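Trainee: missing the sequence, but the structure's below:
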């Protein structure tokens with residue numbers, strides 16, 4: 001019986017088809033070098049002809065040139081490009097393992113360390129690609145392949161842009177996968193390597209949250225959200241990790257990382273922090289989606305976050321300078337014992353004294369050792385705290401946070417009595433509050449709310465954090481929740497500047513309630529609310545507004 005003919009492409013023997021999208025990919029065997037390879041064959045649809053078919057073929061060869069010019073462990077290797085009886089193909093290394101999409105479909109989301117490892121390896125590939133003038137333009141989980149060894153391979157340079165070659169894209173023409181495209185890519189603007197960084201930021205978000213940051217029921221909705229909305233923070237994600245993702249996802253390329261190398265260095269620093277050991281923080285409470293615009297004309301109290309106090313050095317462990325003394329009782333009648341009795345008593349006393357000494361050495365020595373260890377940890381924690389304060393003064397917020405967290409881990413066993421633990425918690429909370437203030441000023445209210453919740457988780461008695469949270473909630477029209485936060489401020493720090501601002505915030509809510517009641521025709525309720533506003537924050541601007549409103553209502557009632 002004749003064996004079936006082996007299907008070939010060039011010298012390569014086709015084993016099976018392993019993938020198909022715009023092109024088809026085969027597993028094949030190279031009889032010359034005796035190795036298995038992958039072959040991608042160009043497929044030109046029958047309805048594509050003329051210039052479009054030529055362009056499709058040129059893109060295929062451009063992919064081969066783009067990937068073939070890049071020799072790096074994290075980039076798929078291209079062995080050869082060829083043509084066989086009108087069939088165009090490229091030969092590349094055969095990749096075992098799974099792509100990132102297949103992994104996410106099983107796991108849902110990845111641990112922080114695993115996600116950072118994958119991100120770092122992709123950035124290694126992008127540093128090399130961008131330095132050779134190659135912009136990938138299609139960074140997504142399907143094009144990130146993880147080998148069984150853990151090595152990551154960046155694949156599919158099918159729509160890559162080679163900056164030193166003429167563009168094949170007509171101005172305004174868009175290529176890419178909608179959910180992962182950068183704003184400038186959607187607009188059809190000229191691209192540089194920062195577009196790939198945006199796409200990688202989307203992948204990072206998906207790895208760590210299990211969902212894409214920009215979604216919608218159609219490509220139009222997805223692209224609109226990419227251009228117009230801010231991604232929601234990932235609940236419980238450590239601030240340093242979120243800061244890297246947030247920066248990569250900036251709408252304006254100028255606000256992102258300068259290049260792949262800068263983002264790579266940021267990810268390396270995250271991995272040095274060993275965030276995977278501390279895990280994710282407790283997710284903040286969910287907040288319902290409400291309009292983000294505040295009530296017109298409503299003043300929002302400002303915040304002033306005080307610097308974290310520098311802890312005083314703990315008292316040193318006192319050394320033992322002398323042995324305890326024993327006072328003997330007065331001598332009374334002398335009793336003479338026999339030599340045998342004296343020997344027995346002497347032996348018994350020696351035994352008792354030896355046992356007592358041993359017990360003292362065991363328990364007393366252990367207690368002394370523990371005290372010395374606590375003192376050493378405390379001293380190291382103070383040093384880390386001070387390093388963090390110096391970094392914070394220089395504006396290096398992420399590294400400062402790392403130092404504070406290390407100090408807290410060393411000294412967290414004595415939360416009630418340790419000034420170091422209290423100060424580190426206050427310092428960490430202050431960093432989160434400052435981040436919340438920045439996002440609040442930008443109008444990113446849900447991002448700000450996530451940060452301020454993190455601050456309160458670290459320091460529940462931080463009055464400035466509760467004050468800011470009340471302002472954010474007021475902007476979100478969540479009046480009752482805002483009242484609760486401001487009442488907490490007054491309870492925590494009744495005579496402080498924060499308490500005065502909280503009273504103004506409460507008066508603002510009362511004033512708004514009074515105006516709404518008046519507009520609804522309920523003058524009795526309006527008077528009650530406006531009177532409360534007047535008496536809650538007497539002398540303030542909002543109290544003056546309440547007084548004016550009361551006067552107008554009184555005058556109207558007379559006529």
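Mentor: Alright, I've got the coordinates. Bear in mind the structure is a predicted one, so any value in this text is a computation, not a measurement.

Trainee: quick one, helices of the stretch 151-300 of the chain?
Mentor: 183-186, 193-209, 219-228, 239-248, 260-272, 275-278 (DSSP state H, counting those that start in this stretch).

Trainee: can you give me the angle the longest one makes with helix 219-228?
Mentor: Read it as helix 193-209. Angle of helix 193-209 versus helix 219-228, following axes from the mean of the first three to the mean of the last three C-alpha atoms, to 10 degrees, is 110 degrees.

Trainee: helices and strands around helix 193-209, which ones?
Mentor: Here helix 193-209 touches helix 100-107, helix 112-131, strand 134-135, helix 183-186, helix 239-248, helix 260-272, going by 3 or more C-beta pairs under 8 Å, 6 or more residues apart in numbering; DSSP states H and E. For the C-beta atoms, the positions are set from N, CA and C on the backbone; glycine is no exception.

Trainee: need the winner for burial among the helices of the stretch 151-300 of the chain.
Mentor: Each of the helices of the stretch 151-300 of the chain was scored by mean neighbour count; the highest is helix 193-209, a mean of 25, by mean count of other C-beta atoms under 10 Å.

Trainee: how far off helix 239-248 does it point, in degrees?
Mentor: Using the same axes, to 10 degrees: helix 193-209 against helix 239-248 is 140 degrees.

Trainee: avg pLDDT for helix 193-209?
Mentor: Here helix 193-209 scores 96 as its mean pLDDT.

Trainee: tell me the angle of that helix relative to helix 112-131?
Mentor: Using the same axes, to 10 degrees: helix 193-209 against helix 112-131 is 170 degrees.

Trainee: on that earlier part again, quick one, which of the helices and strands packed on helix 193-209 is nearest to residue 22?
Mentor: helix 100-107 (16.7 Å; C-beta to C-beta).

Trainee: next, the buried residues of that closest one.
Mentor: 100, 103, 104 (16 or more other C-beta atoms under 10 Å).

Trainee: check which helix or strand covers residue 553.
Mentor: Using DSSP states H and E, residue 553 sits in helix 541-558.

Trainee: try residue 467
Mentor: helix 463-475.

Trainee: that helix: what's the following helix or strand?
Mentor: Next helix or strand after helix 463-475 toward the C-terminus (DSSP H and E): helix 479-492.

Trainee: past that following helix, which element shows up next along the chain?
Mentor: Next helix or strand after helix 479-492 toward the C-terminus (DSSP H and E): helix 497-519.

Trainee: other SSEs contacting that following helix?
Mentor: Looks like helix 497-519 contacts helix 463-475, helix 479-492, helix 523-536, helix 541-558 (3+ C-beta pairs under 8 Å, 6+ apart).

Trainee: same question for the last one, mean pLDDT?
Mentor: Spelled out, it's helix 541-558. 84.

Trainee: by mean pLDDT, point me to the weakest helix or strand of the chain.
Mentor: When the helices and strands of the chain are scored by mean pLDDT, DSSP states H and E, strand 161-162 comes last with a mean of 47.

Trainee: buried stuff in stretch 454-470?
Mentor: Neighbour counts over stretch 454-470 (16+ other C-beta under 10 Å) mark 454-459, 462-470 as buried.

Trainee: repeat that for stretch 539-553.
Mentor: So for stretch 539-553, counting by 16+ other C-beta under 10 Å, buried means 540, 542, 543, 545, 546, 549, 550.

Trainee: ok, back up a step: elements contacting the helix holding residue 553?
Mentor: So helix 541-558, by 3+ C-beta pairs under 8 Å, 6+ apart, packs with helix 497-519, helix 523-536.

Trainee: quick check: buried residues in the last one?
Mentor: Pointing back at helix 523-536 there. Within helix 523-536, the residues scored as buried using 16+ other C-beta under 10 Å are 526, 527, 529, 530, 532, 533, 534, 536.

Trainee: before we move on, what about the first one?
Mentor: Neighbour counts using 16+ other C-beta under 10 Å place 498-515, 517-518 of helix 497-519 among the buried residues.

Trainee: any idea which helix or strand carries residue 402?
Mentor: helix 397-411.

Trainee: hmm, who's touching that helix?
Mentor: Outside helix 397-411, the residues that touch it by C-beta atoms under 8 Å, 6 or more residues apart in numbering are 239-240, 243, 269, 272-273, 278, 377-378, 380-382, 384-385, 387-389, 391-392, 418, 420-421, 424-425, 427-428, 431, 434-435.

Trainee: same deal with stretch 59-74?
Mentor: Contact with stretch 59-74 is made by 23, 42, 75-78, 81, 88, 90, 92, 121-122, 124-125, 128-129, 132, 134, 151-154, 156-160, 162, 165, 168, as judged by C-beta under 8 Å, 6+ apart.

Trainee: equivalent analysis for stretch 480-499, please.
Mentor: For stretch 480-499, the surrounding residues in contact (C-beta under 8 Å, 6+ apart) are 303-304, 461, 463-464, 466-467, 469-471, 473-474, 501-503, 505-506, 509.

Trainee: please apply the same query to stretch 550-557.
Mentor: Counting by C-beta under 8 Å, 6+ apart, residues outside stretch 550-557 touching it are 518, 523, 526, 527, 530, 531, 534.

Trainee: measure residue 470 to residue 540 for me?
Mentor: Relative to residue 540, residue 470 is positioned 15 Å away (C-beta to C-beta, to the nearest Å).

Trainee: immediately after the helix or strand containing residue 430, which helix or strand?
Mentor: Using DSSP H and E, residue 430 sits within helix 419-442. For helix 419-442, the following helix or strand on the C-terminal side (DSSP H and E) is helix 445-458.

Trainee: now do that next one: which elements does it pack against?
Mentor: helix 239-248, helix 419-442, helix 463-475.

Trainee: pLDDT of the last one, averaged?
Mentor: Computed over helix 463-475, the mean pLDDT rounds to 89.

Trainee: who are the packing partners of it?
Mentor: Using 3+ C-beta pairs under 8 Å, 6+ apart, helix 463-475 sits against helix 419-442, helix 445-458, helix 479-492, helix 497-519.

Trainee: in CSV: the ones you listed, plus distance to residue 222 and mean pLDDT.
Mentor: Shown next, in CSV, are the helices and strands packed on helix 463-475 (distance: least, C-beta to C-beta, whole Å; pLDDT from 0 to 100):
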stretch, distance to residue 222, mean pLDDT
helix 419-442, 23, 82
helix 445-458, 19, 81
helix 479-492, 32, 87
helix 497-519, 37, 89
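
Trainee: spatially nearest residue to residue 503 (excluding sequence neighbours)?
Mentor: residue 537 (4.3 Å; C-beta to C-beta, 6 or more residues apart in numbering).

Trainee: coming back round to it: run the angle between the helix holding residue 430 and helix 239-248 for me.
Mentor: Helix 419-442 and helix 239-248 meet at an angle of 20 degrees, taking the same axes, to 10 degrees as the criterion.

Trainee: so how far is residue 393 from residue 457?
Mentor: Taking C-beta to C-beta, one finds residue 457 at 25 Å from residue 393.

Trainee: now residue 406
Mentor: 18 Å.
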